[in-house]
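**Student:** Need coordinates for the below:
(one chain, ligands or ions: 1)
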Amino acid sequence: MTELPGVTVCDGCDAVYRHATLRPREVARCQRCGTELARNAGEQKRRILPLTVASLILFAIANLFPIVEIELQGRRSQTTLFGAVVALTGEGMSPVALLVLATTLLFPLMQLLILFYLLVPLTRGARPPGFALLVRVLQSLRPWGMIEVFLLGVLVAIVKLSGMATVVAGPALWAFVGLTVLLTSVVSFDPRAFWEMAFTNPASELPSEPVS
Ligand SMILES: [Zn+2]
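**Tutor:** A predicted model of the protein is given here:
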């Protein structure tokens, strides 16, 4: 989106529009080609920080506790996500281990930490150092978090194993389920809203005191 003072130029067809104030959840589209011009994130702006904090807590649980516990002929074994990655490296499947590490651990954690770093000062109306760069990094990380793919793989494995052994879902599995749901809503946060937050004074959004 090309931004000039007071106007927006459509990415699709170069039509020029004057800025309009949008009501919450309203989306402005180009009349000529339908490309999205602007969007009012509305309530999402207030919810994004609590959602990010909740995601970070679930992320910690998902990685510190065992995903599954397997009991076969009296022998018990359990594994965490990191344990599984280490096991894959031992089996000579390092590229696979690396991919699992990146898509289920590294990228989602980076996304959450960047969000947290950006949002905490933004709620006070301050722009943290590296703001523009980090918003861009956040956008490029978006397609690379694949916790839901990982979760699907784990569920398939549990169903297959349950025929041969007793499989008990560990606390991390439930945390992963919750994290998948939360992350869907966290990563769908419109990056343009960061700029909106950075350039609007939060005090002006507070309801004014009624004069009596
Ligand atoms: Zn257009």
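
**Student:** thought R25 was touching K45?
**Tutor:** No - R25 is beyond contact range of K45, at 11.3 Å (criterion: C-beta atoms under 8 Å). (Each C-beta comes from the backbone N, C-alpha and C, glycine too.)

**Student:** higher neighbour count, these two?
**Tutor:** The neighbour count for R25 versus K45, taken as other C-beta atoms under 10 Å, is higher for K45 (22 against 11).

**Student:** Kindly tell me how buried the closest residue to that one other than its chain neighbours is, as a neighbour count.
**Tutor:** Distances taken as C-beta to C-beta, 6 or more residues apart in numbering put A193 closest to K45, at 5.8 Å, once the chain neighbours are dropped. Around A193 there are 18 other residues, counting by other C-beta under 10 Å.

**Student:** repeat for E71
**Tutor:** By other C-beta under 10 Å, 13 other residues sit near E71.

**Student:** and the helix or strand where L133 lies, what does it pack onto?
**Tutor:** L133 belongs to helix 131-141 when assigned by DSSP states H and E. Secondary-structure packing of helix 131-141 (3 or more C-beta pairs under 8 Å, 6 or more residues apart in numbering; DSSP states H and E): helix 107-122, helix 192-199.

**Student:** Show me what from this structure comes close to the ion.
**Tutor:** When proximity is defined as C-beta under 5 Å from the ion, the chain approaches the ion at C10, G12, C13, A15, C30, R32, C33, T35.

**Student:** Can I get the buried part of these as one PyMOL selection?
**Tutor:** In PyMOL, a selection of the buried entries from the residues of the chain next to the ion looks like this (16 or more other C-beta atoms under 10 Å):
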select buried, resi 10+30
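
**Student:** Make JSON lines from the residues of the chain next to the ion and add secondary structure to it.
**Tutor:** As requested, the residues of the chain next to the ion are arranged in JSON lines below (DSSP: H, G, I helix; E, B strand; the rest coil):
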{"residue": "C10", "secondary structure": "coil"}
{"residue": "G12", "secondary structure": "coil"}
{"residue": "C13", "secondary structure": "coil"}
{"residue": "A15", "secondary structure": "coil"}
{"residue": "C30", "secondary structure": "coil"}
{"residue": "R32", "secondary structure": "coil"}
{"residue": "C33", "secondary structure": "coil"}
{"residue": "T35", "secondary structure": "coil"}
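
**Student:** Thank you kindly, that will do.
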